[in-house]
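Asker: here's my sequence, what's the structure:
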Amino acid sequence: MIMELLILLTTFSLLYVAVPALVTGKHHGSLLFRAAAGFIALSLSLRIAVMFVGLAGAAFHGIVLAVWACCVSGLFLASQDWSFEGIAAKGRGAFLAVLRAFESESVGWRPRWPAVSRAAVLFCLLIAVTMLHRAWFPLHNLRFATIEAYSRALNLERFVQRDSPVAGGVELILAPLSVASGLYADSVIRFSGPLFSILLVAAVGLCAFRIAGASSAPVAAALMALRPVVLGTEPPGEISNAEFAAVYWILGAAFIGRSAWIAVSAFATALLISFSISSAVPVAIICIAAAYALAKLAAAIPARLALAPSGFAAFAAMFLLLIDCRSVAADGPYEYESAARASRAIATQFPKREWMIVSPGHELIFTYGRGWHYELLDFVSSLTPRQIMPREFVFPYDVREIFVFVEKDPLRPSRPGITPADPAALDLTGTMDRAVLAYSTGLGRASIEFQAGALITAYAVNHPEISIFFEDDRLVVFHLKGKRALAQMGA
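Answerer: You can find the predicted model right below:
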């Protein structure tokens, strides 16, 4: 999974940061602010343009990338002075540059590397450690910890497969990233959370840099990076839509008084992602205020020690983040990790659309666009042991391979703030949804898994071709031959 993370980071850096920074006008100042301004403007453009492409039913991969190219071209054209005086000035500047090149002793081009301050090095090191901390869980786990992440991954995959004309704000912004990286939506969503989590930290540092100077940026970023550690958020890189929007709220604040258009664009993008205000926003304000106060106190320190408070804060934060990194987390709450890994293995080892997984619905994100998925609840409701026991019985699914997931230890339902052992953990008085009753209650899930096991046992009596694809102490995945494979064997 490290390769997927590297692919995503490289693609994002090129498409959303480097190219927009190059085409954005120099009036925004340093390359750092140009990159931030370009990222904001591109995000808003993609959020609107990709939405209309989807509504038109034209979200083909090539068109999505063409939309990105058009948005970048628009940024470039908007940053240029197209008046006669502006064009003439550009021409004179280019002509003089050519003359200087011929008059100089060497016409060879030499790159001019910008001077990098110690505060910038410290800030980059902090961002790298924060990325490791946020990506630790997705690097070691395929499953998601929140239902919002499952929904986001499914919405993005359905959109890029053109099975749905609409998607959420985050998914629309990430659609070109999914297409250009060549990764499936579950991988894009898995690592986009950590990616935007470090963007949130970087945005806080940018605000502090704008208000209090370079030495305050590492302090504010360090305090913001520790927010999941202090709050006990697990996993820290799996963020909500409101936290995605918080990135744009904070970036917009950094451009207040600098560029009204970019600030308004950032706030508009945030609202188009989520109308909710994340707790990350007030926490960011507190972090920036603390960094500003520390910068004022540090003004009395000798110049050679001016960076000492920032260095102490950054290294202390990095130490705590590294300690908090852990690969072992409680399994669940929506699927076992082994179920997610078995689904990924099936999707990797077998030809596209030639297989089907029968399981609870959370494995759907690993099968969408690659194979087929059938709800375990519908599977046990439509068949009986007596019906499938005869040798001549064939499952009515037009695939070659069928994989049935049966939990030997049924996953106990869990939600934030409650324990799986609590018999009153879930209020079911307001729902008649059979899927909720089957999967979100301990008794319902155990009953479904028992029925599935009984069906497989009955089927195995007269079907020796059945095998076990995967098994551990919690889950067993049975491999059955589908209609196509049996027809070929019979022929």
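
Asker: what bits of this protein have low per-residue confidence?
Answerer: Low-confidence segments of the chain (pLDDT under 70): 81-116, 299-300, 302-306, 327-330, 413-433, 435, 489-491.

Asker: for it, longest helix please?
Answerer: When the chain is parsed with DSSP state H, its longest helix is helix 185-212.

Asker: just checking, what packs against the helix or strand just after that helix?
Answerer: The helix or strand immediately downstream of helix 185-212 is helix 217-225, counting by DSSP states H and E. Judged by 3 or more CB pairs under 8 Å, 6 or more residues apart in numbering; DSSP states H and E, helix 217-225 is in contact with helix 118-140, helix 185-212, helix 280-298, helix 308-324. C-beta here means a position set from N, CA and C on the backbone, and glycine is covered the same way.

Asker: could you say which of these is packed most deeply?
Answerer: Of these, the one with the most neighbours on average (mean count of other CB atoms under 10 Å) is helix 185-212, at a mean of 26.

Asker: contacting residues for Leu125?
Answerer: The contact partners of Leu125, by CB atoms under 8 Å, 6 or more residues apart in numbering, come to 314, 318.

Asker: pull up the gap between it and Gly311, please.
Answerer: 10 Å (CB to CB, to the nearest Å).

Asker: again with Glu157
Answerer: Taken as CB to CB, the span from Glu157 to Gly311 is 44 Å.

Asker: now Val17
Answerer: Val17 is 26 Å from Gly311, by CB to CB.

Asker: isn't Ala135 right up against Ser192?
Answerer: No - between Ala135 and Ser192 there is no contact under CB atoms under 8 Å: 10.7 Å.

Asker: check the burial of the nearest residue to Glu407 once chain neighbours are set aside by counting its neighbours.
Answerer: Leaving aside its sequence neighbours, Glu407 sits nearest to Glu449 (CB to CB, 6 or more residues apart in numbering; 4.8 Å). A count of nearby residues for Glu449, using other CB atoms under 10 Å, gives 22.

Asker: which SS class is Glu449?
Answerer: Secondary structure, DSSP: H, G, I helix; E, B strand; the rest coil: Glu449 is helix.

Asker: picking up where we left off before, compare the helices and strands packed on helix 217-225 and report which one is nearest to Gly29.
Answerer: helix 185-212 (10.0 Å; CB to CB).

Asker: doesn't Ala167 lie inside a helix?
Answerer: No - assignment of Ala167 by three-state DSSP gives coil, placing it outside any helix.

Asker: check contacts around it.
Answerer: Ala167 neighbours (CB under 8 Å, 6+ apart): 54, 155-156, 158-159, 175.

Asker: just the ones of these in helices?
Answerer: Per DSSP H, the subset of these in helices is 54, 155-156, 158-159, 175.

Asker: what's the closest of the residues you listed to Thr130?
Answerer: Closest to Thr130, out of all of those and judged by CB to CB, is Leu156, at 24.3 Å.

Asker: can you pull out the strands in the stretch 301-450 of the chain?
Answerer: 355-359, 372-375, 401-407 (DSSP state E, counting those that start in this stretch).

Asker: thinking again about what came up before, quick check, the residue nearest to Glu407 in contact with Arg412.
Answerer: No - under the contact definition of CB under 8 Å, Glu449 does not touch Arg412, with a separation of 11.7 Å.

Asker: tell me how far the residue nearest the centre of the chain lies from Gly237.
Answerer: Computing the C-alpha centroid of the chain and ranking residues by CA atoms, centre = their mean puts Ser192 first, at 2.3 Å. From Ser192 over to Gly237 the distance is 9 Å, taken as CB to CB.

Asker: Leu46 now?
Answerer: According to CB to CB, Leu46 stands 22 Å off from Gly237.

Asker: now do Gln161
Answerer: Distance from Gln161 to Gly237, by CB to CB: 25 Å.

Asker: between these two, who's got more neighbours?
Answerer: More crowded of Gln161 and Gly237, by other CB under 10 Å: Gly237, with 26 against 13.

Asker: contacting residues for the more buried one?
Answerer: Gly237 sits in contact with 133-138, 193-194, 197, where contact means CB under 8 Å, 6+ apart.

Asker: redo that, cut-off 7 Å
Answerer: Counting by CB atoms under 7 Å, 6 or more residues apart in numbering, Gly237 makes contact with 134-135, 137-138, 193-194, 197.
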